[in-house]
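A.B. asks: Quick check, what structure comes out for this input:
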Amino acid sequence: MLQDELILIEKARQGDAPAFEELVIAYQDKVFNICRYMLGPDDAEDAAQDSFVKAYKNLDRFTPSPGFSAWITRIAINTCLDYKRKPSHLPLAGKSQDGDEYEHEHASPGPGPEAMLLSKQSAEEVALAVGRLSDKLRAVLVLCDIEGLSYTEAADALGISMGTIKSRLSRAREELRRLLGHTREHI
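C.D. replies: Next up is the predicted model:
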């Protein structure tokens, strides 16, 4: 953990809102991505915001080990699990993946429309398949493979052993391969 983070956390504990805002800015993309993969695009923004509200309200419970990154990650995962327990929450696999139309005024030197469509379809297939994983497998896959956390960082964030991380990640990857193979057969 950076010394600057510890200073910001201490200032935020004393009511310095701009100090906490700096922490939010530093971690907002990470927290949003975790929420997006755990819940889908519809609830991700709300869950990310709720994660930071919970963190702010519970700053007195923060301890420097294993660090702020692991702490906020754990809060985000738990917030997402809370969202999934809500009776009104629809499973990610049943949600529409519409939107994100590609528009350009000028020709791009990048991939053509066919390649972009295949890429978008592939990304949607992966997102749907990740959404079908159990919460435990999805959390490990999102943290290690999507967010790029080390096994140690993921273990700290989830409060489980490194052996459990490795085991769940292996099962998550195998299940994801199975789901993606099944999805492609039916397209």
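
A.B. asks: so what are the domain limits for the protein?
C.D. replies: Per the record, the chain has its domains at 1-92, 112-187, by automatic domain parsing.

A.B. asks: Report the distance from the longest one to the chain centre.
C.D. replies: Think domain 1-92. 11 Å (CA atoms, centre = their mean, to the nearest Å).

A.B. asks: now the domains of the chain in CSV, with mean pLDDT and mean neighbour count?
C.D. replies: Just so you know, the C-beta spots here come from the backbone N, C-alpha and C atoms, and that holds for glycine as well. CSV is the format used below for the domains of the chain (pLDDT from 0 to 100; neighbours: other CB atoms under 10 Å):
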stretch, mean pLDDT, mean neighbour count
domain 1-92, 89, 17
domain 112-187, 83, 16
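
A.B. asks: For the protein, which segments count as strands?
C.D. replies: In the chain, no strands are defined using DSSP state E.

A.B. asks: residue nearest the centroid of the chain?
C.D. replies: Ile34 (0.7 Å; CA atoms, centre = their mean).

A.B. asks: what residues are up against the residue nearest to it when sequence neighbours are not counted?
C.D. replies: Residue nearest to Ile34 in three dimensions, not counting chain neighbours: Ala76, with 4.7 Å by CB to CB, 6 or more residues apart in numbering. Contact partners of Ala76, counting by CB atoms under 8 Å, 6 or more residues apart in numbering, are 31, 34-35, 38, 47-48, 51.
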